[in-house]
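Asks: structure, please.
(chains A and B)
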There are 2 protein chains.
Amino acid sequence: MSPFRTFSLTLLIASTLLGSAALAQEDFSNQIRARQSVMRLNGFDIGILGGMASGKMPYDAKVATEAAENLAAVASVHIDLMFPEGSAAGSVEGTRAKPQIWADMEDFMSKWEALGGAAAAVVPVAGNGVEALGPALGAVGGACKACHEKYQMPKS
Amino acid sequence: MSPFRTFSLTLLIASTLLGSAALAQEDFSNQIRARQSVMRLNGFDIGILGGMASGKMPYDAKVATEAAENLAAVASVHIDLMFPEGSAAGSVEGTRAKPQIWADMEDFMSKWEALGGAAAAVVPVAGNGVEALGPALGAVGGACKACHEKYQMPKS
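Replies: Coordinates of the predicted model:
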């Protein structure tokens, strides 16, 4: 085979492989941005409540209740829509979601539901003064941590 | 006055003005990112429901219901927490929120609540077949548009 033919054949094989890779790589950017938006909103509300609980922000019963209601609302979403198969770190860019999520989706979802329960429990106490915030937020933080430790890659 | 003294005085005035500007410019990046996350999530859910309504995506009663419930949940949040005074376009970077929002916060909030109502009305029909999606989503789109037209700067 002439060197030129070998080169052409290599190019052909390379472009075929690249083509397949491009086809295999579905675009999950909307789902990834949606789940990151959920996490950002939870962080925003926990930031307000935690700021009050720690005394870094003045306690305000109305704001605390609104933040707690927001947290409970967002922590109630069906997050499965945002975790389609194939959207793990390692398969696509821009995510720290571990492949283990899809290997144990039932456990992952039960951890998400535990957050929903802990968030809902903040709502009735948020307006009752700053003292009640700490323990309620502790349970929320525990639920965040249980899931992130198991299913989220550390920041690189 | 010596030229040096004039120069020193100018420096002093300039640094005082800069100092005040830095104090006046509060950091609203968390609030801005939070409200943009809300809009992104709404867009994500409307994208799923609209994709089904338009036939670009196969209709799936369970997915449609989950997307509608997510839309209703996120459209129920207290968005006032994410629109603090001073966080308008023109005052801070990275937002298209018009200053008019704060001039007529009551109208702005009533438009947000209208979206909440339209979103809640999608939930009971989303699982009943693709035909019901169109009219229900039309009301949602109308609520989005009413607010964006009045209170959001066009993309530059």
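Asks: for chain A, what's the longest helix?
Replies: If you go by DSSP state H, chain A has its longest helix at helix A:29-53.
Asks: tally up the residues packed near A:Phe44, please.
Replies: 23 (other CB atoms under 10 Å in any protein chain shown). All C-beta atoms are positioned from the backbone trio N, CA, C, and that covers glycine.
Asks: residues contacting it?
Replies: Contact partners of A:Phe44, counting by CB atoms under 8 Å, 6 or more residues apart in numbering or on different chains, are A:Asn70, B:Asn30, B:Gln31, B:Arg33, B:Ala34, B:Ser37, B:Leu81, B:Met82.
Asks: and A:Glu131, by the same measure?
Replies: Here A:Glu131 is in contact with no residue (CB under 8 Å, 6+ apart).
Asks: same check on the one 5 residues further on?
Replies: By CB under 8 Å, 6+ apart, A:Ala136 lies in contact with A:Ala118, A:Ala121, A:Val122, A:Val125, A:Ala126.
Asks: by how many degrees do whichever strand or helix holds it and helix A:29-53 diverge?
Replies: Taking DSSP states H and E as the definition, A:Ala136 sits inside helix A:133-151. If you take axes from the mean of the first three to the mean of the last three CA atoms, to 10 degrees, helix A:133-151 sits at 150 degrees to helix A:29-53.
Asks: buried set for helix A:133-151?
Replies: Neighbour-count burial for helix A:133-151, counted by 16 or more other CB atoms under 10 Å in any protein chain shown, picks out A:Leu133, A:Ala136, A:Leu137, A:Ala139, A:Val140, A:Ala143, A:Cys144, A:Cys147, A:Tyr151.
Asks: in CSV, list the residues you listed along with distance to A:Gly86 and pLDDT.
Replies: Output for the buried residues of helix A:133-151, formatted as CSV (distance: CB to CB, whole Å; pLDDT from 0 to 100):
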residue, distance to A:Gly86, pLDDT
A:Leu133, 39, 96
A:Ala136, 37, 97
A:Leu137, 35, 97
A:Ala139, 33, 97
A:Val140, 30, 98
A:Ala143, 26, 98
A:Cys144, 25, 98
A:Cys147, 20, 98
A:Tyr151, 16, 98
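Asks: ok, back up a step: ok, of the contacts of A:Phe44, which come out buried?
Replies: Buried subset of those (neighbour count, 16+ other CB under 10 Å): A:Asn70, B:Gln31, B:Arg33, B:Ala34, B:Ser37, B:Leu81, B:Met82.
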